[in-house]
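J.: sequence and predicted structure below; questions after.
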Amino acid sequence: HYLMHKIPFLYKYVHAKHHTAKEVRASDIVRLSFVEEIVDVGISILALNFLKAHPMSRTIYNVIITFLLTELHCGFAFPWTPQFVVPFGLVTGSKGHHYHHRYGRHYYQKFFCHVDRLFGFVQKKDETLQGSTI
């Protein structure tokens with residue numbers, strides 16, 4: 001994801017469609033280029049095949065991933081969402097992803113933010129991510 005923002009060709013032809021709106025909404029989860037959709041879905045399918053996941057496991061995975069992607073793009077930071085429930089700040093959420101959509105930097109990981117923290121891709125202390133709504 002980071003590379004799609006830093007390499008102009010990839011951003012323009014692969015990822016820019018997802019960032020056409022600066023304000024996030026749940027419908028953004030399906031606003032992807034053909035290439036990005038194939039890569040996102042393809043990686044999930046390959047991982048599930050590699051793990052030899054049972055059909056019921058695949059179904060549960062699809063429900064969970066749809067919830068997480070919708071929550072990430074909903075524009076609200078409810079107290080029961082993973083960013084507040086999972087301890088140690090390991091999970092990013094709607095607030096961080098909204099910042100990412102608005103400014104195109106920081107919070108490159110979809111769900112977990114440990115790699116973002118490791119490389120300094122997190123919000124600095126300018127108070128723009130305060131509050132429960134975006």
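T.: Here it is on my side, so go on.

J.: C-alpha from now on. contacts and neighbour counts both.
T.: Will do.

J.: quick check: phi and psi on Phe76?
T.: For Phe76, the backbone dihedrals (degrees, to the nearest 10) come out as phi -130, psi 150.

J.: nope, Val91 is what I was after
T.: phi -110, psi 130.

J.: okay, the most centrally placed residue in the chain: pLDDT?
T.: Residue closest to the average C-alpha location in the chain (C-alpha atoms, centre = their mean): Lys110, at 2.6 Å. Lys110 carries a pLDDT score of 81 in this model.

J.: over to Leu69?
T.: Taking Leu69 on its own, its pLDDT is 87.

J.: distance of Lys95 relative to Ser33?
T.: 24 Å (C-alpha to C-alpha, to the nearest Å).

J.: the more surrounded of the two?
T.: Applying other C-alpha atoms under 10 Å to Lys95 and Ser33 shows that Lys95 carries more neighbours, namely 24 against 15.

J.: so which helix or strand takes in that one?
T.: Element membership for Lys95 (DSSP states H and E) is helix 94-103.

J.: so which bits of whichever helix or strand comes after that helix are buried?
T.: Next along the chain after helix 94-103, taking DSSP H and E as the criterion, comes helix 114-118. For helix 114-118, a neighbour-count test (16 or more other C-alpha atoms under 10 Å) marks 114, 116 as buried.

J.: give me the contacts around helix 114-118.
T.: 90-91, 106-109, 122 (C-alpha atoms under 8 Å, 6 or more residues apart in numbering).

J.: farthest pair within the residues you listed?
T.: Leu90 and His106 (15.0 Å; C-alpha to C-alpha).

J.: compare neighbour counts for these two and give me the winner.
T.: Set Leu90 next to His106 and count neighbours by other C-alpha under 10 Å: His106 wins out with 21 against 16.

J.: OK, contacts around the more buried one?
T.: Contacts of His106 by C-alpha under 8 Å, 6+ apart are 96, 99-100, 116, 120-123.

J.: do that again at 10 Å, thanks
T.: 2, 96-97, 99-100, 113, 116-117, 119-124 (C-alpha atoms under 10 Å, 6 or more residues apart in numbering).
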